[in-house]
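Participant: Generate coordinates for the sequence data below:
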Amino acid sequence: MDWIRAIILGILQGLTEFLPVSSSAHLKIADTFFGSRTEVWFEVFLHAGTLCAVLFALKSDLIRLFVEALKMAGDLFRNLRIMIRRDRGETDIRYLHVVRTNHRKLVMIILISQIPAGAAGFLLRKQADGLYGSLLLTALGLFLTAIVLLVSDQISGNDTLPKDIPDSKAWIFALAQLLALVPGVSQTGMLLAAGLFAGLNKRNAVRLAYLISLPLQFGALICEIIYAASHPEIPAETILASLLGMLTAFLAGVLLIRRIYRLIRHRHMRVFAFYSALLGIAGLILHFLYRV
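Facilitator: Numbering: from 1, shown residues only. Purely as a prediction, here's the structure:
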């Protein structure tokens, strides 16, 4: 892989990963346009770059969530002890309210939203290569993204805080994660729409979308590394190009995340919906031209 292509794909990955458009669809269409398939190790480095970007940009939130998760575990253990004491007759002791702050509710939503998508990803792991290699399915996923974004554009959102999201609406984030498994469907777009449906404003919805997406992104990266490790060794020049792509994706991602709130707040979702639809049309054209 030449370095110019590595830089182009790195910028493409870094910009599209954090917008409500599908980064995987962009890479797939770019591969078709360039007439070659991206090396598996190069994709690993690209995804590592954007994962590092979101870890760097949201490090304060992640530290706070980790601390709150530990405190929640402690409260659950104390509630277990309280249950034992109440069984012994000490009925005047009250249980602790475990999910009582914004960050604790975020921890709960993040954990719950991973279960269905994680299970589905595990069950479909053998079919993943065939599914994600289909440009036709990718184009259909882009159209699905466009539809969801158009619907979410009709919702203005409000100042609902994460801790005020009803438990009956928490499932919508799990559904968004499931839809994001479809090739061409934007994970950021699905989670952003889910946040708006749950009553969050765009700023909080974007922030929550990035935080919820992290565990699945990390899991997907581990699976990619395991898959790539089973392939023959790659030439040194490919490693250098992959490192360059990773660095480019990281820098582009960090720059975009720092401006994403203003960009999303001042842009209607239908702008990204129309873009996804146009990209889907381009995917269909390329599919029928190259039959991929």
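Participant: Quick one: distance of stretch 178-195 to the chain centre.
Facilitator: Relative to its chain's centre, stretch 178-195 lies at 7 Å (CA atoms, centre = their mean, to the nearest Å).
Participant: OK, contacts around Asp217?
Facilitator: One thing to correct before we go on: residue 217 is Gln, not Asp. With contact taken as CB atoms under 8 Å, 6 or more residues apart in numbering, Gln217 is in contact with His47, Thr50, Leu51, Val54, Gln187. Every C-beta, even on glycine, is put in place using the N, C-alpha and C of the backbone.
Participant: next structured bit after the host helix or strand of the first one?
Facilitator: If you go by DSSP states H and E, His47 is part of helix 40-57. Note on helix 40-57: by DSSP H and E, the next helix or strand toward the C-terminus is helix 59-87.
Participant: any idea how far that next one is from the chain center?
Facilitator: 26 Å.
Participant: which helices and strands does it pack with?
Facilitator: helix 102-123, helix 202-229 (3 or more CB pairs under 8 Å, 6 or more residues apart in numbering; DSSP states H and E).
Participant: Buried residues in that helix, which are they?
Facilitator: For helix 59-87, burial by neighbour count (16 or more other CB atoms under 10 Å) applies to Arg64, Leu65, Glu68, Ala69, Met72, Asp75, Ile82.
Participant: can I get those residues in a markdown table with pLDDT and distance to Leu144?
Facilitator: Shown next, in a markdown table, are these (pLDDT from 0 to 100; distance: CB to CB, whole Å):
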| residue | pLDDT | distance to Leu144 |
| --- | --- | --- |
| Arg64 | 92 | 34 |
| Leu65 | 92 | 30 |
| Glu68 | 91 | 34 |
| Ala69 | 92 | 32 |
| Met72 | 90 | 35 |
| Asp75 | 89 | 40 |
| Ile82 | 85 | 46 |
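Participant: ok, those residues vs Val21, which is closest?
Facilitator: Leu65 (26.3 Å; CB to CB).
Participant: For the stretch 1-150 of the chain, give me the ranges with low pLDDT.
Facilitator: Applying pLDDT under 70 to the stretch 1-150 of the chain flags residues 1, 34-38, 122, 124-133.
Participant: Just want the angle from whichever strand or helix holds Leu137 to helix 202-229.
Facilitator: Per DSSP H and E, Leu137 falls inside helix 135-152. Relative orientation of helix 135-152 and helix 202-229, computed by axes from the mean of the first three to the mean of the last three CA atoms, to 10 degrees: 160 degrees.
Participant: okay, now Cys223: neighbour count?
Facilitator: Neighbour count of Cys223, defined by other CB atoms under 10 Å: 15.
Participant: scratch that, Ile222 is what I was asking about
Facilitator: Ile222, neighbours per other CB under 10 Å, totals 11.
Participant: Now do the contacts for it.
Facilitator: Contacts of Ile222 by CB under 8 Å, 6+ apart: none found.
Participant: swap in the one 3 residues further on?
Facilitator: In this structure, Ile225 makes contact with Val44, judged by CB under 8 Å, 6+ apart.
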